[in-house]
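>>> Prediction below, plus the sequence it came from.
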Amino acid sequence: MAKPFGGRAGLGSRSATLAGFEMSNRALGRYDRISDAVSPGPELPRSSRAMRGKVETVLAAVPDPTAIGKEKLQRQRAAVNRLTDPLECERSYGRISEPAYLAGRVCEAIWQRAAIGRGSNAMEPSSGAGDRDAAMVRLVGAVRAAVSLNETLRVACGPYGAKVVIGVLCDGKRFAEMVKVAKWEGKKPKHPETMIAGLFRQGLEDLAEHLDKVGWPR
């Protein structure tokens, strides 16, 4: 079998266990038990044909925005654009589990703090040398966390699964773009994009399981 980047395919689907997750990770996801959520009012909007390829609305359940303090109100139905980013798309289609989705969000947050990857911000302007020094210390810590995360990905997903997860979530590449940079060992498969997508999904599932065992970053 041909292998991208000269490594294991890592295909397959597995639901990561929720046992041992922090309480925040055990909470229902926005695509879980939508039928239990209440409707806030009129019919929710649907995506128009004119926005096809950019906007594709799907029904989700989100926390009640009117909750005060620690008050817990019933979740509300909402229209969500599943094409916002790869994680939203994959989770809304049920291609990855909620733990895998959360693991991906953790990765994005760590890379963004280190000013690496999509949606990152450079150091904010400061009002003095002390502020700049403190910001530099925070940035150094964030970069170390990003380096540690990349190593964790290689341990949890293998070097090739890690390469795909980093390429998609950190570098902002599409599956088709990852196919172009892949170095295939043997004959190129008939559906290489499907193989890359499988590596991405399985990589996130493997990462979630690994974080379940060693602890989730805060």
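Nice, I can see it. Numbers count the residues shown, from 1 in each chain.
>>> all strands of this protein, in order?
57-62, 76-81 (DSSP state E).
>>> biggest helix in the chain by residues?
For the chain, the helix with the greatest residue count under DSSP state H is helix 129-165.
>>> Pull the number of nearby residues for residue 159.
Using other CB atoms under 10 Å, residue 159 has 13 neighbouring residues. Placement of C-beta: from N, CA and C, glycine included.
>>> coming back round to it: format the strands of the chain as CSV; extra columns: distance to residue 31, mean neighbour count and mean pLDDT.
Listed next are these as CSV, based on distance: least, CB to CB, whole Å; neighbours: other CB atoms under 10 Å; pLDDT from 0 to 100:
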stretch, distance to residue 31, mean neighbour count, mean pLDDT
strand 57-62, 6, 19, 84
strand 76-81, 9, 17, 85
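>>> helices and strands of the chain: which one bottoms out on pLDDT?
In the chain, no helix or strand scores lower on mean pLDDT, DSSP states H and E than helix 23-26, which sits at a mean of 43.
>>> Give me the nearest residue to the most centrally placed residue in the chain, chain neighbours excluded.
Residue closest to the mean C-alpha point of the chain, counted by CA atoms, centre = their mean, is residue 104 at 2.7 Å. Of all residues not flanking residue 104 in the chain, residue 87 sits nearest, at 4.5 Å (CB to CB, 6 or more residues apart in numbering).
>>> Look up how far residue 95 lies from the one you found.
Taking CB to CB, to the nearest Å as the criterion, residue 87 is separated from residue 95 by 10 Å.
>>> ditto for residue 149
Taking CB to CB, one finds residue 149 at 22 Å from residue 95.
>>> When those two are compared, which one has more neighbours?
residue 149 (22 against 16).
>>> The nearest residue to the more buried one once chain neighbours are set aside: neighbour count?
Among residues not flanking residue 149 along the chain, residue 110 sits closest, at 5.0 Å (CB to CB, 6+ apart). The number of residues packed near residue 110 is 22, by other CB under 10 Å.
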